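K.L.:
Need coordinates for the following:
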Amino acid sequence: MKKLEIYLDTSVIYYLDQQDSINEMQETLKFWKYVKNNEYKIYVSETTLLEIDGCNDNKKKILYKFLSEISYSIIEINVNVKIKCRKLLT
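P.N.:
You can find the predicted model right below:
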C-alpha cells in the first residue's frame, strides 16, 4: 500500500516546541509519533529549512533535533516550482 505523502510547512515543525500554545503543541507531538513511525512519506521545502535557520539558536537546535528523528525529502525551490506556484495562484 502506498504511503500518504505529507508536506510539512514551517508552522507544523514550530508547533513541536511551542510553549505558548500547549494544546496545539500536544496535538502536533501526537501526530509526530506517526511521522516517526515512518507511516507517511514526508516532504519539507528549502524555504521551511531557511525559516528554521532564522530562529534563535536554541529554537533552531530543538527543531532540527525533531527533524533528525524522521526521514524526509527536500523540495528544492527552483524556477519550475516558482512558475507552478504562480499558475496556482492566478
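K.L.:
For the longest strand along the chain, which helices and strands make contact with it?
P.N.:
Using DSSP state E to define each element, the chain has its longest strand at strand 40-45. If contacts are counted by 3 or more Cβ pairs under 8 Å, 6 or more residues apart in numbering; DSSP states H and E, strand 40-45 sits against strand 4-7, strand 73-75. All C-beta atoms are positioned from the backbone trio N, CA, C, and that covers glycine.
K.L.:
Name every strand pairing with that strand and say which way it goes.
P.N.:
strand 4-7 (parallel), strand 73-75 (parallel) (DSSP bridges).
K.L.:
The longest one: which residues count as buried?
P.N.:
Meaning strand 4-7. Neighbour-count burial for strand 4-7, with 16 or more other Cβ atoms under 10 Å as criterion, is recorded at Ile6.
K.L.:
Give me the contacts around that strand.
P.N.:
35, 39-45, 75 (Cβ atoms under 8 Å, 6 or more residues apart in numbering).
K.L.:
Past it, which element shows up next along the chain?
P.N.:
Downstream of strand 4-7, the first helix or strand assigned by DSSP states H and E is helix 10-14.
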